[in-house]
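Asker: Here is a sequence together with a model predicted from it:
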Amino acid sequence: MRGRRKFGVLVGVLAVVFAVLTSINIGQARSVRPAERGPIAAHSAASGSGAPASASRSSGTPGGGGVLIVYFSRSGSHYGGRNFKVGNTAHVAQFIHQRVGGDLYQIVPAVPYPEDYDQTVEQARKEQEDGVHPKIAGEQPDTDRYSTIFLGYPIWWGEQPMIVQTFMQDHNLNGKTVIPFTTDEGSGWGNSLDVLKQYYPQARILDGFEKRGNDVADDLDGTQRQVNDWLEGLGY
Amino acid sequence: MTRSLLFYAAALLFPLPLVAILNTQLTDAARVRMVISLGLIAYCWWLAAILLSVRPTWLDRWVGLPQIYALHGSLGIAALVVAYLHIDNNYAHNMLARDVGNWAFYLSLGVAAYSILFMSGWLADRLLLVARIKRGLERLLDHRIAVWLHRLNLVAVALIAVHVHLIVQINRHLVFMIAFDLVTLAVLGVYAWKKWIAPDSFLTGTVRENRALNASTRQVAIALDEPSSRIRPGDFFFLRFETDGIPRERHPFSLTGDDQGLATFTIRQIGDFTRAVPQVPVGTRSRLEGPFGRFDGILKETPAQIPLVFIGMGAGVAPLLSLAAGYAGDRAITLLWSVHRDDDAYYRSLIEDFENANPDRFDAHIQVGRFTRDRLAALLSAEQIGKAQFVVVGPAQAVLAAQRHLRRLGVSHRRIHHERLTM
């Protein structure tokens, strides 16, 4: 009889805990709204000819035609308590530019992300959960002028930051050669390659370059050599 | 062998249902899913280790408690390795989720290191230096503290559950989260049932006798309230005395006889619990978890014409006497018993009784000092070395040494069954 009462208490406690956890789970599942993906513009949504002028020395690229290196990179406080004047993805973009030439364009948000790393992470999470596409500052390049786009980004919450997805939404790169590069802190490419394919199912997406952000900062020369080796493998 | 493989396979595949549910829900890239799955596999193996820690008697009869404990420890270590790969290849944006996960990992790592030294015989049974360190530290930390420190693994599991609930990429998947919570609560429920409810259904009895066999060994006889037909020769129980003056944790002791109504134990006084046994008065109520043991099952499967050789060291003779009580007369038995000093041979007259009752089928040798390989070669016949089933029981290092000697004499390891008095 005593054992039966104890058993009843145990089952009751477990049932209550399960009910509480399930209600929390339902609340969390409902709070998430999947983002819609794909370029809105039928063509490249250039809002001007604002591609920054830069030295061009490319010749005979795999994609043919002009090369544009687009990247988003965040400087300031970073993962692991570090502080960078130049973001890790920006370093890689520079290395690509030095080797390939073409035009270089940095995605800059109209409203800067917070200086504080944790606040940025939280904002990025909300943007992704709510499917928010933050505005990009200044004029964007006319991607129609290029046949090959290098697209660089850090991995935030397993994929491209939403500010990069704003660019991807604004520019239809289907039919072009798209070459991704990324810096992360252990997640590798995350889901970003799948996201890229969702935006541009008809693009020719080549093998990209991926490295841990802190490893880039710790060994710039080594990173540049790796970038050059990767580009050489692509035919640059 | 097949049983062991099935047992290990079941434990290794325990994470499969949750991993399958998670992977059907996640839309992430394969690499991301793999890294997340590593964390889930580690968690499930920790849950499986908790399930094994309740030592179900039916599973003991199937594979034996040593195998259960071996898998319990192995899963804990394997989970740490897999969890490390998960941490090293993953990136948690949520700082709190990351920190909670890391706390769980380092807590488990510390508990594992501690448990390998104090709770298992993996190192202490084999390395003299480690055994000495363990003995020295045991004077500072009694067994109860060791057990409670080991239970910190439950805190680690709770932290991992919180970690999972904090990760947005995971907690958005309702079906997985419900399955995850169900499995977690089911395992913790089984553990709580074992610690809180199951003891009510253990065998109970009253201490009828508690006498000194010599300066360091006692014999305790417990009259069971009801005879148990589940008791088999060579079995052991986890014993607890319901009285003050002795720790309340249950400790394992082998039966010395095969009486299903009177459980008799031979207890060597070497730890905090056993040193307090003389203070247990006759009439004390006792609770017995079990019975456990596979010796009887193994011997039953052995054809009657196969000789049996029992090798006991010190108090390790207890389950062998229980087996002798069950099988003397039916089987050809040789009992070899090594003792530290002559007055440690407290069961000499009982063994002589077995010999006198079965002059053709029971043969015993008692000696002071351990059996060397040469001594075993002299005592064992060619038939015994070639065919007999061996049962070896005693202190861990002595058992390992005896196993080594037997193997070098040509006894197949499959015919050597042992019980190491480590716990």
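Answerer: Received, thanks.

Asker: So residue B:208, which state does it fall into?
Answerer: Using DSSP: H, G, I helix; E, B strand; the rest coil, the secondary structure recorded for residue B:208 is strand.

Asker: List the contacts of the most centrally placed residue in chain A.
Answerer: Nearest residue to the geometric centre of chain A (CA atoms, centre = their mean): residue A:160, 2.2 Å. Contact analysis of residue A:160 by CB atoms under 8 Å, 6 or more residues apart in numbering or on different chains lists A:153, A:168, A:192, A:195-196. Where C-beta positions appear, they are placed from N, C-alpha and C, glycine not excepted.

Asker: Restricted to strands, list those.
Answerer: Counting by DSSP state E, the contacts of residue A:160 place residue A:153 in strands.

Asker: got the contacts of residue A:160 as a markdown table, with neighbour count columns?
Answerer: Below are these laid out as a markdown table (neighbours: other CB atoms under 10 Å in any protein chain shown):
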| residue | neighbour count |
| --- | --- |
| A:153 | 28 |
| A:168 | 26 |
| A:192 | 28 |
| A:195 | 22 |
| A:196 | 25 |
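
Asker: ok, the contacts of residue A:160 vs residue B:54, which is closest?
Answerer: residue A:192 (44.4 Å; CB to CB).

Asker: I figured that closest one hits residue A:153, correct?
Answerer: Yes: using CB atoms under 8 Å, residue A:192 makes contact with residue A:153 at a distance of 7.0 Å.

Asker: Now for these two: what residues contact both?
Answerer: With CB under 8 Å, 6+ apart as the test, residue A:192 and residue A:153 both reach A:160, A:180, A:182.

Asker: Could you pull up the mean pLDDT of the helix ranked longest in chain A?
Answerer: Ranked by residue count and defined by DSSP state H, the top helix of chain A is helix A:2-30. The average pLDDT within helix A:2-30 is 87.

Asker: anything in that helix near chain B?
Answerer: Yes: under the criterion of CB under 8 Å from any CB of the partner chain, helix A:2-30 makes contact with chain B via A:2-3, A:6-7, A:10-11, A:14, A:17-18, A:21-22, A:24-26, A:28-29.

Asker: what do you get for stretch A:145-153?
Answerer: No: against chain B, stretch A:145-153 shows no contacts by CB under 8 Å from any CB, the least distance being 14.4 Å.

Asker: strands paired with the one helix or strand residue B:222 maps to, and their directions?
Answerer: Assessed by DSSP states H and E, residue B:222 sits inside strand B:217-224. Using DSSP bridges, the strands paired with strand B:217-224 in its sheet are strand B:203-214 (antiparallel), strand B:262-268 (antiparallel).

Asker: Buried residues of the shortest one, list them for me.
Answerer: Same thing as strand B:262-268. Residues B:263-268 are the ones in strand B:262-268 that count as buried (16 or more other CB atoms under 10 Å in any protein chain shown).

Asker: Over to the longest one?
Answerer: For strand B:203-214, burial by neighbour count (16+ other CB under 10 Å) applies to B:203-205, B:207-208, B:210, B:213.

Asker: Kindly export that strand (C-alpha atoms) in CSV.
Answerer: Only the C-alpha atoms of strand B:203-214 are listed here, as CSV (Å, rounded to 0.1, in the frame of the first residue of the first chain):
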residue,chain,number,x,y,z
LEU,B,203,13.8,-9.3,0.8
THR,B,204,13.8,-8.7,4.5
GLY,B,205,15.0,-10.6,7.5
THR,B,206,16.4,-10.6,11.0
VAL,B,207,20.0,-11.1,12.1
ARG,B,208,20.0,-14.4,13.8
GLU,B,209,23.7,-14.8,14.3
ASN,B,210,26.8,-12.4,14.2
ARG,B,211,29.9,-14.2,15.3
ALA,B,212,33.7,-13.7,14.8
LEU,B,213,35.3,-16.3,12.6
ASN,B,214,38.7,-14.9,13.5
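
Asker: Report the distance from that strand to the chain centre.
Answerer: 23 Å (CA atoms, centre = their mean, to the nearest Å).

Asker: Stretch A:204-218 too?
Answerer: Using CA atoms, centre = their mean, the offset of stretch A:204-218 from its chain centre is 11 Å.

Asker: again, but for stretch B:415-423
Answerer: Centroid separation for stretch B:415-423 versus its chain: 10 Å, with CA atoms, centre = their mean.

Asker: avg pLDDT for that stretch?
Answerer: Per-residue scores along stretch B:415-423 average to 84.

Asker: got a list of contacts for that stretch?
Answerer: Identification of contacts with stretch B:415-423 by CB under 8 Å, 6+ apart yields B:66, B:120-121, B:124-125, B:236, B:251-252, B:254, B:294-295, B:298, B:315-316, B:319, B:388-396, B:399-400, B:402-403, B:406-407.

Asker: From those residues, list just the buried residues.
Answerer: Burial by neighbour count, 16+ other CB under 10 Å: within the contacts of stretch B:415-423 this picks out B:66, B:120-121, B:124-125, B:236, B:251-252, B:254, B:294-295, B:315-316, B:319, B:388-396, B:399-400, B:402-403, B:406.

Asker: What about the residues you listed, which are in strands?
Answerer: Per DSSP E, the buried ones among the contacts of stretch B:415-423 map to strands at B:236, B:251-252, B:254, B:389-394.

Asker: Report the residue spans of chain A with pLDDT below the cut-off.
Answerer: For chain A, applying pLDDT under 70 flags the ranges A:1, A:31-38, A:40-65, A:78-81.

Asker: Recalculate using a threshold of 80.
Answerer: A:1-3, A:28-65, A:76-85, A:129-130, A:185-188 (pLDDT under 80).

Asker: How about the contacts made by residue A:159?
Answerer: Counting by CB under 8 Å, 6+ apart, residue A:159 makes contact with A:128, A:165, A:190-192, A:195.

Asker: who does it bridge with?
Answerer: Bridge pairing for residue A:159 - DSSP bridges - gives residue A:156.

Asker: By mean pLDDT, which helix or strand of chain B comes out lowest?
Answerer: helix B:128-140 (a mean of 77; mean pLDDT, DSSP states H and E).

Asker: Which elements pack onto that helix?
Answerer: Contacts defined by 3 or more CB pairs under 8 Å, 6 or more residues apart in numbering or on different chains; DSSP states H and E place helix B:128-140 against helix B:95-118.

Asker: Mind giving me the packing neighbours of the helix it packs on?
Answerer: Counting by 3+ CB pairs under 8 Å, 6+ apart, helix B:95-118 packs on helix B:65-88, helix B:128-140, helix B:143-150, helix B:152-166.

Asker: any idea which of those scores lowest on pLDDT?
Answerer: Ranked by mean pLDDT, the helices and strands packed on helix B:95-118 end with helix B:128-140 in last place, scoring a mean of 77.

Asker: ok, residue A:98 - contacts?
Answerer: Residues in contact with residue A:98, defined by CB under 8 Å, 6+ apart, are residue A:224.
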